[in-house]
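this is a predicted model, with the sequence first.
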Amino acid sequence: MEKERFGLPARFPVKAFLPVLLLLWSCSTMPQIVVLEDPLSASEHNDLGVIYERGGEFDLARQEYLKAARKDESWPVPLFNLGNLAYAQGDPGRAEDLYRRCLALDGTDADVMNNLAHVLHELGEDAEALELIDRALARERRPEYLDTYETITGNPAP
């Protein structure tokens, strides 16, 4: 009577079947890699950025603002915060670009108009800066807008 090995007849060429068995065994014991989607919303990333920025962790703040901007490309707030961060770190050209992107998303935001006007004044573009601060003041007469107007013109706002 034939002996059986692994439930196969003795004459079955196990050596030929061995690579398939090894492959099946190795596939079943391979570690599974799980890729999770970022669980935070754009707003939560932005809030983290604000916390990092307040704590002086500017690189971490920038990373969080960028994540927020990628999560919701129609939301101007992370771009505004990136612009403020760029300006604070001495890069008015980058701040200008970011503020312009904000205005492209929301042309009615007076804070963006004010900050862009301030940056443009620093860059010597007073005509456009004055136009922007006038638009901001037409929306709301806040003290910081009045200060920007005076910085640009050298006179108090009418």
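Looks like it came in fine.

please identify the helix or strand for the residue nearest in space to the middle of the chain.
When C-alpha atoms, centre = their mean is applied to the chain, the residue found nearest the centroid is L66 (1.6 Å). L66 belongs to helix 58-71 when assigned by DSSP states H and E.

I'd say the residue nearest to the centre of the chain and P78 touch.
Yes: applying C-beta atoms under 8 Å, one finds L66 in contact with P78, separated by 7.4 Å. (C-beta placed from N, C-alpha, C; glycine too.)

what is the host helix or strand of A86 packed up against?
Element membership for A86 (DSSP H and E) is helix 77-88. Here helix 77-88 touches helix 42-54, helix 58-71, helix 92-105, helix 110-122, going by 3 or more C-beta pairs under 8 Å, 6 or more residues apart in numbering; DSSP states H and E.

for the third one, buried residues please.
Just to be clear, that refers to helix 92-105. P92, R94, A95, E96, D97, L98, Y99, R101, C102, L103 (16 or more other C-beta atoms under 10 Å).

again, but for the second one
Within helix 58-71, the residues that count as buried by 16+ other C-beta under 10 Å are A61, R62, E64, Y65, K67, A68, A69, K71.

so what's the fourth one up against?
If I follow you right, that is Y65. Contacts for Y65 (C-beta atoms under 8 Å, 6 or more residues apart in numbering) come out as H45, N46, G49, P78, L79, N81, L82, L85.

also the third one?
Taking C-beta under 8 Å, 6+ apart, we find E64 in contact with H45, N46, L48, G49, Y52.

by neighbour count, which of these wins?
Most neighbours among those, by other C-beta atoms under 10 Å: G49, with 27 neighbours.

need the pLDDT of the closest residue to that one other than its chain neighbours.
Among residues not flanking G49 along the chain, E64 sits closest, at 3.5 Å (C-beta to C-beta, 6 or more residues apart in numbering). pLDDT, E64: 97.
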